[in-house]
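Colleague: I'll drop the sequence and a predicted model, then ask my questions.
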Amino acid sequence: MSESAPGAEPRLVRVGVAEYEVATGDVVLSTSGLGSCLGIALHDRSAGVGGLLHAMLPAAAEGREAHTPAKYVDTGVADLLSTMVATGAEPGRLRAKLVGGSRMLDFSDEAGRIGDRNAEAAEAALSETDVAVVARDVGGSHGRSVRLDVSSGDLHVRTVTDGESVI
Amino acid sequence: MLVDIHSLGVFSRLAKQGSKQAAGSLSRMTGVDVHVDVTNISLLSRRDLSDAFGDEEYVGVEIGFVGGLQGETVLAFERDSSARLLELLMPGHGGATDPAMARSGVKEVGNIMTSGFIDGWANHLGVSIDITPPTYIERSGSELLDVQASEADDQVFLFESRLTTPERDLDFHIYMSPEYSALTELMAAHRRDDDAIPVDKLSVFNEMMKRGAEGAATHVTSMTGIETTVDVSRLSFVPIADAPDYLDDGSHAGVVFGIEGLPSGYLLILFDEPSAVNVAEALLPMETEESGLGELERSAIKELGNIMTSGFIDGWANVLGTSIDHTPPQFVHDMGSAIMSPVIARLGQRQNYAFMIDSTIETAENRFSCDIYALPDERELVRALEALGPESGTRVGTDADEVV
């Protein structure tokens, strides 16, 4: 968990692939290289708690161990949620934003839909826990990078062709 | 000598945990977020090890370890970033201006980080590892690691972690090179038989990559009229989630294709944006009005990518002595790390680690460069290497029958 002293420049914390981070205060969580991978940002405005997950795949294969839970949307969302609650967030106040899940390459097989399946898995996992998805920038065929401003909940999305937007 | 994917995974995880501990210590000391970007294990020759760090000047700390594991660890900063680090550690003291204080600051950082790194190994392996007092070093890249190997061709394992911070000028590396036989004994103790790899044959994979890249480079030269050289970097074993960090977020253009057969896997042939612009300029008969990569440039690179793919496949097939099926190359123009994302997702369905090898096609005067990344399915790579006769390995010799 990261926190930052008020008044200073926001502290920038990187979230790698198959990782998540939770922070409070004046912190910016960033992750890059979202192609078919999915970025899931959760935010509790009242508590000032934000979290960002960079998941690769929708779900761990049955019977396979998941010693890297953040690799998968289902186990990653569960871990992210419980860490956020432990940090002071209330499940009922959490809002989710989804970014990524694009179809960068088309090898015309089931695996080619990984991006779509990631987004579907996130919707399902969040709906099960009654977390509302309030914004989405998913699909398409381009990559994205995101920065979550933990103090405001703003999610900045950057692409190579369209520059930056805020959702 | 045989090692297996399982034990490589265990060692990679230990290195990652050690690096995270080290990064955590440094974050607390400096107040700057330190992120473990890449952790990899490479197998390379003593000669390649000398070349691996280029001509950069480094400062850092060398710490030896003895006991259950023997070798040395070097925590290295590029010279420019060490001044910035010291400023963070000792604000107001102008760290770098006082050489004695600078040295003690670097030694302190090195000591704390390295202990965290080594402790993780000792705990997991259930062995006792003692570390020697830190020595402050200022060395050029070629002398950074003084590995005790008698011959230039002797193989060494290199563990490398790249630690980055939001400040672009403050990145550094932890290198660890355990003594070869001590490490391989430990690996053997952690071995599972079902996926053992004859390590000596891994060099065949390097050879495939080299010949493939040369095949691709020949076509680049014939289409652009610009002479090229091929540089094959080392074969690394990486957590699959780290693979995108080998590419930055900058825009890249090129092609991605899948290889079918033994081993199957993915190939990425990518030009960074400035290179893509320059190579397109060399391909197109006249200057276009658009700056950057317009439609014409994109289509020229797509065409070049298709031709480089077939050159690559021919070179790769020559080493294996079989024909290779591949998917049609797909043109990509996007941020580098995002291009890697669907590739690791596909491989990641069955594996947590990946063998990765990259190769660079370069030109004189840096007119452009092109990076080629190969990521095979790990189990199929093991089977493909097993299927090769002993004569295919360039360093097999008497080791072929040795069971460690």
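Modeller: Yep, it's here. Residues are numbered from 1 along each chain as shown, chains lettered A, B, ... in the order given.
Colleague: Could you report the neighbour count for the closest residue to chain B within chain A?
Modeller: Proximity of chain A to chain B (Cβ to the nearest Cβ) peaks at A:Gly143, 2.2 Å away. Using the backbone N, CA and C atoms, a C-beta is placed for each residue, glycine as well. A:Gly143 has 32 neighbouring residues, counting by other Cβ atoms under 10 Å in any protein chain shown.
Colleague: quick one: pLDDT of it?
Modeller: A:Gly143 is assigned a predicted lDDT (pLDDT) of 93.
Colleague: For it, which non-adjacent residue is spatially closest?
Modeller: B:Ala338 (2.2 Å; Cβ to Cβ, 6 or more residues apart in numbering or on different chains).
Colleague: May I have the beta-bridge partners of the spatially most central residue of chain A?
Modeller: By Cα atoms, centre = their mean, chain A has its centre lying nearest to A:Ile40, at 1.8 Å. Beta bridges link A:Ile40 to A:Leu53, A:Leu98 when assigned by DSSP bridges.
Colleague: residues contacting it?
Modeller: Residues in contact with A:Ile40, defined by Cβ atoms under 8 Å, 6 or more residues apart in numbering or on different chains, are A:52-53, A:55, A:73, A:76-77, A:80, A:96-98, A:122, A:126.
Colleague: Can I get these in CSV including neighbour count?
Modeller: Formatted as CSV, these follow (neighbours: other Cβ atoms under 10 Å in any protein chain shown):
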residue, neighbour count
A:Leu52, 29
A:Leu53, 29
A:Ala55, 32
A:Val73, 30
A:Gly76, 29
A:Val77, 28
A:Leu80, 25
A:Ala96, 24
A:Lys97, 22
A:Leu98, 23
A:Ala122, 28
A:Leu126, 21
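Colleague: can you give me the helices for the chain?
Modeller: Assuming you mean chain A. A:73-86, A:114-128 (DSSP state H).
Colleague: let's do chain B instead
Modeller: B:5-30, B:46-51, B:79-89, B:99-125, B:180-189, B:202-224, B:273-283, B:295-320, B:336-348, B:378-387.
Colleague: Go through those helices and name the closest to B:Val256.
Modeller: Among these, the nearest to B:Val256 by Cβ to Cβ is helix B:336-348 (6.6 Å).
Colleague: Contact residues of chain B facing chain A?
Modeller: Proximity of chain B to chain A, by Cβ under 8 Å from any Cβ of the partner chain, involves residues B:33, B:35-37, B:164, B:166, B:241-242, B:244-245, B:247, B:249, B:251, B:256, B:258, B:327, B:330, B:332-346, B:348-349, B:352.
Colleague: which bits of chain A sit near chain B?
Modeller: Residues of chain A lying near chain B (Cβ under 8 Å from any Cβ): A:2, A:11-14, A:16-19, A:32-37, A:56-57, A:61, A:68, A:71, A:102-107, A:111, A:114-115, A:142-145, A:159-160.
Colleague: Show me which of those are buried.
Modeller: A:2, A:11-14, A:16-19, A:32-37, A:56-57, A:68, A:71, A:102-105, A:107, A:111, A:114-115, A:142-145, A:159-160 (16 or more other Cβ atoms under 10 Å in any protein chain shown).
Colleague: Which residues are in contact with the residue in chain B that chain A sits nearest to?
Modeller: For chain B, the residue closest to chain A is B:Ala338, as judged by Cβ to the nearest Cβ, at 2.2 Å. With contact set as Cβ under 8 Å, 6+ apart, B:Ala338 has these partners: A:32-35, A:102, A:104, A:142-145, B:244.
Colleague: cutoff 6 Å now
Modeller: A:33, A:35, A:143 (Cβ atoms under 6 Å, 6 or more residues apart in numbering or on different chains).
Colleague: Test of understanding: give the bridge partners of the closest residue to B:Ile269 other than its chain neighbours.
Modeller: Setting aside the residues directly before and after it, B:Ile269 is nearest to B:Gly254 in space (Cβ to Cβ, 6+ apart), at 4.7 Å. Under DSSP bridges, the beta-bridge partners of B:Gly254 are B:Leu270, B:Val332.
Colleague: B:Gly254: how many residues sit nearby?
Modeller: Neighbours of B:Gly254 (other Cβ under 10 Å): 28.
Colleague: likewise B:Leu296?
Modeller: 15.
Colleague: Can you pull out the low-pLDDT segments for the stretch 201-350 of chain B?
Modeller: B:233, B:287-291 (pLDDT under 70).
Colleague: if we can go back for a sec, please produce CSV containing the helices of chain A, extended by mean pLDDT.
Modeller: Formatted as CSV, the helices of chain A follow (pLDDT from 0 to 100):
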stretch, mean pLDDT
helix A:73-86, 94
helix A:114-128, 93
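Colleague: Distance to B:Glu207 added to those helices, as JSON lines?
Modeller: Listed next are the helices of chain A as JSON lines, based on distance: least, Cβ to Cβ, whole Å:
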{"stretch": "helix A:73-86", "distance to B:Glu207": "39"}
{"stretch": "helix A:114-128", "distance to B:Glu207": "32"}
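Colleague: Let me see the contact set for A:Leu57.
Modeller: Contacts for A:Leu57 (Cβ under 6 Å, 6+ apart) come out as A:72, B:345, B:348.
Colleague: How about the contacts made by residue 88?
Modeller: The chain I'm using is chain A. Counting by Cβ under 6 Å, 6+ apart, A:Gly88 has contacts A:47, A:49.
Colleague: looking at chain B here, not the other one
Modeller: For B:Leu88, the contacting residues are B:Thr30, taking Cβ under 6 Å, 6+ apart as the criterion.
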